[in-house]
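J.: using only what follows, build the 3D model:
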Amino acid sequence: MTDFKKSGRIRNAMTALRDKFRQTRTTPLNVEPHALPSTPSFIRRYRTPIFITCAAVVAVAGIYVGASQYVQARTNTFYQVLVQGEPVGEISKQELVDELIAGKAAELAQAETSVRYKLDDDQVTYQVEKAYNRKPDDAATLSKLSAQLKTHAVGVKLIVDGKAIAVVKDQETAETLLRRVKNKFAPMPYTPKKGEASVKALSLTKTAAVGTSQRTVHSVSFAEEVKTEEVTVNPEQIKDPETLYKSIVNGDTTKRLYTVKKGDCIGCIAHAQNVSADIIYKNNPWIDDDEIKIGDVLDLTKQQPLLTVNSDEQVTEVEVIDPPIEIRKSDELKAGKSKVVRQGTNGKRLVTYHLIKTNGAVLEEEQISSVVLTPAISTVILKGTKVTPSEGTGTLSWPVKGHRITSYQGSRWGRTHKGIDIVGNKNILAADNGVVTTSGTGISGLGNSVTIDHQNGFKTVYGHMSKLLVKKGQVVQKGDVIGIMGNTGHSFGTHLHFEVYLNGKLKNPTSYL
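T.: Modelled structure (predicted):
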């Protein structure tokens, strides 16, 4: 206030000086115009008023400049804070509001709640203002602003092939859910580093029991395009992750029934109805030895998950090696008659398969290695050599020239593989002399097949042929071409399925070839 009082006195002084100067200027000189003094004389005569006037002007200018600087120095810039256009209060620095908003955002992000919330974007704006000696109440404005900041619920949307299927709490929940779905159909065991897989597998299984296995998962992926996207949501839209997981892996389970028709086989039905043979066996446990008949009703119900998991795996397992059969001929025994002189013992081998799976079901299988761990000891059998025209010699020959075994007899994915799978020359040969007892599609799962009774206790079965060249009742000799290799029935590629029976009991073909 003192400064403003001084300013008033200055104005009063200036007014007095102005009036004095005007009085001096208007005082008559009482001389004739022609007698007016020259300019130098005029200045000398009025030098005092002129000096006073100039001094006053300089003083006024100085006072004005000083006063302006004084006011300017005490004028503050501050900000009017608005929330969605409505004034909240004044703040000295925008940085204070920025810090408040950042703190609020961090607090919301760290909150342990079932629904996540975020601050609305661009809800806070500012107006720049100036005033003399004005000091905003930052604390009050920040407190009021904190109470008025608005939030909205957010979630992460799961999108499958361009279609939204659900919304979950956050990205972490979405990623955990997708990992669980993959792990459901392709559990992720330890994956050895490059170069150590075979060594580890072998060391783990040298003393392992038959049935022990080790899996290496090379890749797991979704067949569908799966994306995630953060969206603003109604809190009621957020799905419980456990409920959503069950919905994804179970999918549609509408019951499907199928009635067996003439010419059907398990593989034929699986292919025609777009289901795996494993599903048919699982849903219909009453099926024995692939035997089905016209009129049987099969349950083909299968889960159709919302996501399809494809996996590329390598499985190494310990399998039993049946004792080989050592045949010693005896002309004292009739062909087909035999006598065991030494009982063999089983061995063990380490077999590695490459598998392609979809939702856990095997689509492709390839044996890539086989290592004998414990050799089997052979069984020695004496066999008669006396032969009649329709009787076998008692010694079986390979039914395929240039043969290579692609799958051995034994347990395979929970079911028994009755014979061996062979590839090689396409001509299928009779393994010994005998009589054709079946020729057609009568054996479920084998497609076009032939059965030969060798009239000496042996019976051989040949399956999956593309073409049959013999008929029921026909007598064949060892080496006769009975059909062409194919891929009919429940088959994963062109090959011959070959089974051997002795006195009605299933045997391992490799023991007799």
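
J.: looking at this, Y281 is in a helix?
T.: Yes. Counting by DSSP: H, G, I helix; E, B strand; the rest coil, Y281 is part of a helix.

J.: distance of it relative to V260?
T.: Per CB to CB, to the nearest Å, Y281 is found 15 Å from V260. In short, each C-beta sits where N, CA and C put it, glycine included.

J.: please apply the same query to I325.
T.: The gap separating I325 from V260 is 38 Å, by CB to CB.

J.: tell me which of these two has more neighbours.
T.: Between I325 and V260, counting by other CB atoms under 10 Å, I325 is the more crowded of the two (21 against 17).

J.: pLDDT weak spots in the chain?
T.: Low-confidence regions of the chain, defined here as pLDDT under 70, cover residues 1-47, 49-53, 55-75, 188-208, 211, 334-336, 386-389, 413-414.

J.: the same query, at a cut-off of 80, please.
T.: Applying pLDDT under 80 to the chain flags residues 1-76, 131-134, 188-213, 252-254, 289, 303-304, 332-337, 385-390, 411-415.

J.: ends of stretch 475-493, what's the gap?
T.: End-to-end distance for stretch 475-493, by CA to CA, to the nearest Å: 30 Å.

J.: V351 pairs with what?
T.: Listed by DSSP bridges, the beta-bridge partners for V351 are E317, S370.

J.: ugh, typo on my part, it should be K507
T.: Here K507 shows beta-bridge partners V500, assigned using DSSP bridges.

J.: pretty sure it sits against Y501.
T.: Yes. Counting by CB atoms under 8 Å, K507 sits close enough to Y501 to count as a contact (6.4 Å).

J.: which residue ranges form the strands in the stretch 401-513 of the chain?
T.: Using DSSP state E, counting those that start in this stretch, the strands of the stretch 401-513 of the chain run over residues 404-407, 410-412, 415-417, 420-423, 427-429, 434-440, 448-453, 458-465, 467-468, 475-476, 481-484, 496-502, 505-507.

J.: just put those in TSV and tack on mean neighbour count and distance to L355.
T.: Shown next, in TSV, are the strands of the stretch 401-513 of the chain (neighbours: other CB atoms under 10 Å; distance: least, CB to CB, whole Å):
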stretch	mean neighbour count	distance to L355
strand 404-407	16	13
strand 410-412	15	11
strand 415-417	12	15
strand 420-423	21	16
strand 427-429	22	28
strand 434-440	18	32
strand 448-453	24	26
strand 458-465	25	20
strand 467-468	16	30
strand 475-476	18	38
strand 481-484	19	29
strand 496-502	23	19
strand 505-507	14	26
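
J.: closest one to T253 among those?
T.: T253 sits nearest to strand 415-417 of all the strands of the stretch 401-513 of the chain, at 23.2 Å, using CB to CB.

J.: doesn't H271 fall inside a helix?
T.: Yes. According to three-state DSSP, H271 belongs to a helix.

J.: what about it, neighbour count?
T.: By the criterion of other CB under 10 Å, H271 has 15 neighbours.

J.: now do I248
T.: I248: 20 surrounding residues under other CB under 10 Å.

J.: quick check: it touching L306?
T.: Yes. At 4.6 Å, I248 and L306 qualify as touching, with contact defined as CB under 8 Å.

J.: find the residues that touch each one of the two.
T.: Listed as contacting both I248 and L306 by CB atoms under 8 Å, 6 or more residues apart in numbering are I165.

J.: any chance of the strands of the stretch 401-513 of the chain in TSV, with distance to Y132 too?
T.: As requested, those are arranged in TSV below (distance: least, CB to CB, whole Å):
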stretch	distance to Y132
strand 404-407	96
strand 410-412	93
strand 415-417	94
strand 420-423	99
strand 427-429	109
strand 434-440	110
strand 448-453	105
strand 458-465	101
strand 467-468	108
strand 475-476	120
strand 481-484	107
strand 496-502	102
strand 505-507	108
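
J.: strands along the stretch 151-300 of the chain, start to end?
T.: All strands of the stretch 151-300 of the chain, identified by DSSP E, counting those that start in this stretch, fall at 151-160, 163-168, 213-222, 226-232, 257-259, 297-299.

J.: test my guess that T352 contacts E319.
T.: No. With contacts counted by CB under 8 Å, T352 stays clear of E319, the gap being 10.7 Å.

J.: re the thing from before, now, of the strands of the stretch 151-300 of the chain, which is deepest in the fold?
T.: Of these, the one with the most neighbours on average (mean count of other CB atoms under 10 Å) is strand 151-160, at a mean of 19.

J.: what's that strand packed up against?
T.: Secondary-structure packing of strand 151-160 (3 or more CB pairs under 8 Å, 6 or more residues apart in numbering; DSSP states H and E): strand 116-119, strand 163-168, helix 171-185, strand 226-232.

J.: pairing partners for that strand, with directions?
T.: Counting by DSSP bridges, strand 151-160 is paired with strand 116-119 (antiparallel), strand 163-168 (antiparallel), strand 226-232 (antiparallel).

J.: for that strand, what is the distance to the chain centroid?
T.: Strand 151-160 sits 19 Å away from the centroid of its parent chain (CA atoms, centre = their mean, to the nearest Å).

J.: not counting residues beside it along the chain, what's closest to D264?
T.: Leaving out its chain neighbours, the residue that sits closest to D264 by CB to CB, 6 or more residues apart in numbering is I292, at 6.8 Å.

J.: the one you found: what's it in contact with?
T.: Going by CB under 8 Å, 6+ apart, I292 touches V260, D264, C265, I266, L298, S444.

J.: kindly recompute the last result at 7 Å.
T.: Listed by CB atoms under 7 Å, 6 or more residues apart in numbering, the contact set of I292 reads V260, D264, I266, S444.

J.: tell me the one of these nearest A209?
T.: Nearest member of the contacts of I292 to A209, counting by CB to CB, is I266, at 30.5 Å.

J.: I figured the closest one hits I280, correct?
T.: Yes. Here I266 reaches I280: they are 5.8 Å apart, a contact under CB atoms under 7 Å.

J.: run through who's touching the helix or strand harbouring V320.
T.: In the assignment (DSSP states H and E), V320 maps to strand 309-321. With CB under 7 Å, 6+ apart as the test, strand 309-321 has contacts from 181-182, 185-186, 201, 205, 208-223, 346-359, 372-373, 376, 410.

J.: determine how far that strand lies from the middle of the whole chain.
T.: The answer for strand 309-321 is 22 Å, by CA atoms, centre = their mean.

J.: continuing past that strand, what's the next helix or strand?
T.: Following strand 309-321 in sequence order, the next helix or strand is strand 325-334 (DSSP H and E).

J.: strand partners (parallel or antiparallel) of that following strand?
T.: Paired neighbours of strand 325-334 in the sheet (DSSP bridges): strand 379-386 (parallel).

J.: quick one: the strand it pairs with to strand 496-502, angle?
T.: If you take axes from the mean of the first three to the mean of the last three CA atoms, to 10 degrees, strand 379-386 sits at 80 degrees to strand 496-502.

J.: for stretch 341-348, which positions count as buried?
T.: Using 16 or more other CB atoms under 10 Å as the burial criterion, the residues of stretch 341-348 that qualify are G344, G347, K348.

J.: what is the end-to-end distance of that stretch?
T.: Per CA to CA, the first residue of stretch 341-348 is 23 Å away from its last.

J.: residues in contact with it?
T.: Identification of contacts with stretch 341-348 by CB under 7 Å, 6+ apart yields 210, 318, 320-324, 372-380, 382.

J.: one more time with 8 Å, if that's ok
T.: With contact meaning CB under 8 Å, 6+ apart, stretch 341-348 is reached by 210, 318-326, 328, 372-382.

J.: run the chain-centre distance for it.
T.: What separates the centre of stretch 341-348 from the centre of its chain is 48 Å, taken as CA atoms, centre = their mean.
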